[in-house]
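**Student:** Okay, predicted coordinates and the sequence, questions at the end:
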Amino acid sequence: MSPARSPLRVCMVHYSDFHIDSRIQRQARALAERGDEVDLVCLSPSGELRVGAGIIRVHSVSLAKAAGGASSYLSGYGRFFLGALGKVTALERRRRFDVVEAHNMPDMLTFCGLVPKLRGAKVILNVHDTFPELFATRFERAGSHPAVRLITVQERVSAAFADSVICVTAEAGDRLNDRGVGTGRTTIVMNTPDERVFGPQRAPVAWPTDGPLRAIYHGGLAPRFGVELLIEAVGRLEDDASRVGVRVCGTGVEQARLSALGDSLAPGRVDVAPEPVPFARIPSELEAAHLGVVPTLRDPFTELLLPVKLLEYVHMGLPAIAPRLPVIERYFSDDELRFFEPDSAESLAQAIAAVCADPAGARARAERAGVRLADLAWARQRERYLALMDGLAGAQPTEEPAKAGLARRRTSIREAAGTV
């Protein structure tokens, strides 16, 4: 009989609210359920949560999330980094971590694991979003802009400091590897629905023959996610499709503005939740819906995304409408989703109307999409994630002094920084 596995002590650093961030919840719970200890350094109020045989401890870095222009955005990251660095260092003095996992953005959060790494811990950079593409598109900066070049350097240096890099899709991993980030050290862990939260995968929902149809959008409210486009499309619906209303459950600070836009363009047919909806309530929101819509706009950043909201719609048996973007088309076909042309409110309205006109076809696509989703199930992603954690923790140096390992890492960081 093999000896019992010693619980891991894992620290996660993320510039977000644990109670809203589904990806952090999913991974932290996967560790705690098997008995590991997880410390979260983030924006959430401090507290403890018993999960399975393990525990999740939340340590607050009390800062308001940055809003406004590029300088405010970057300075907010800088302030959080300094607060998180101090918090992780203090926690390391109380309990030695096996792994420190930095969830970007920013990528430089990997350096919050500096003291644990000196004492033998492994460091992971978990890339939720490719930062250079996101910054460039959000603030309309060219790739040659000094700020974008600086962000590209910090991405490369941060990944060089890390022992492993996690990406959410193979396409995002390829993009990073093409610019020398995480080459040979990248693991794909897809962000797919967790049955412990959403329950077993559902059969396609039955639509009412008359009365209102409820479309739903949940997720970020930043312009690139296309909520304005969705509201405009709903305002264009006519005939039978005019019975479609949309529920928007968004994170961010745009609720009041989007609600006013809905009142203007589609009176009485757009319901914007006034506050961010906690992730634990999202399954019940989806259960009350008939149709899931992903209105994401096209840009160099969103072309790398496979939106988790789309996978959650499919998991819950909702016929789904999505933009014709490269990664979405890589995983789903026209036989499984109803596509529309990105950035076109008219094309999105036509897609919604076509789905309403053919409920049987919508149901058949939802069923085929559910079969496709089974290949991407969280149970498989969970195994890959936990295997990575165990492999890193088991590979900690035993005879080599930590300082010698750090010296080599410094060399690789200098080489990675290079020129942009």
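**Tutor:** That came through, no problem.
**Student:** At which residues are the strands of the protein located?
**Tutor:** Under the criterion DSSP state E, the chain contains strands at 9-14, 37-42, 47-51, 54-60, 99-103, 122-127, 164-167, 186-188, 213-220, 244-251, 270-272, 291-293, 320-323, 338-340.
**Student:** Which strands and helices lie in contact with the third one?
**Tutor:** Taking 3 or more C-beta pairs under 8 Å, 6 or more residues apart in numbering; DSSP states H and E as the contact definition, the neighbouring helices and strands of strand 47-51 are helix 22-33, strand 54-60. All C-beta atoms are positioned from the backbone trio N, CA, C, and that covers glycine.
**Student:** got the CA positions of stretch 371-389 in PDB?
**Tutor:** Written as PDB, here are the backbone C-alpha positions of stretch 371-389 (Å, rounded to 0.1, in the frame of the first residue of the first chain):
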ATOM      1  CA  VAL A 371     -22.300  15.900 -26.800                       C
ATOM      2  CA  ARG A 372     -19.300  18.000 -27.900                       C
ATOM      3  CA  LEU A 373     -19.000  19.600 -24.400                       C
ATOM      4  CA  ALA A 374     -18.600  16.200 -22.800                       C
ATOM      5  CA  ASP A 375     -15.200  15.900 -24.400                       C
ATOM      6  CA  LEU A 376     -14.100  19.100 -22.600                       C
ATOM      7  CA  ALA A 377     -15.600  18.200 -19.200                       C
ATOM      8  CA  TRP A 378     -14.200  19.700 -16.000                       C
ATOM      9  CA  ALA A 379     -13.600  16.300 -14.600                       C
ATOM     10  CA  ARG A 380     -10.900  15.800 -17.200                       C
ATOM     11  CA  GLN A 381      -9.500  19.300 -16.800                       C
ATOM     12  CA  ARG A 382      -9.500  18.800 -13.000                       C
ATOM     13  CA  GLU A 383      -7.400  15.700 -13.300                       C
ATOM     14  CA  ARG A 384      -4.900  17.600 -15.400                       C
ATOM     15  CA  TYR A 385      -4.700  20.500 -13.000                       C
ATOM     16  CA  LEU A 386      -4.300  18.400  -9.900                       C
ATOM     17  CA  ALA A 387      -1.600  16.200 -11.700                       C
ATOM     18  CA  LEU A 388       0.300  19.400 -12.500                       C
ATOM     19  CA  MET A 389       0.100  20.500  -8.900                       C
END
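**Student:** Give the rounded mean pLDDT of it.
**Tutor:** The average pLDDT within stretch 371-389 is 92.
**Student:** who does the lengthiest helix in the chain touch, helix- and strand-wise?
**Tutor:** The longest helix of the chain (DSSP state H) is helix 70-94. If you count contacts as 3+ C-beta pairs under 8 Å, 6+ apart, helix 70-94 packs onto strand 9-14, strand 37-42, helix 114-118, helix 131-138.
**Student:** And those: which comes nearest Pro276?
**Tutor:** Pro276 lies closest to strand 37-42 among the helices and strands packed on helix 70-94, at 14.9 Å (C-beta to C-beta).
**Student:** what angle sits between the closest one and strand 47-51?
**Tutor:** Angle, strand 37-42 to strand 47-51, by axes from the mean of the first three to the mean of the last three C-alpha atoms, to 10 degrees: 140 degrees.
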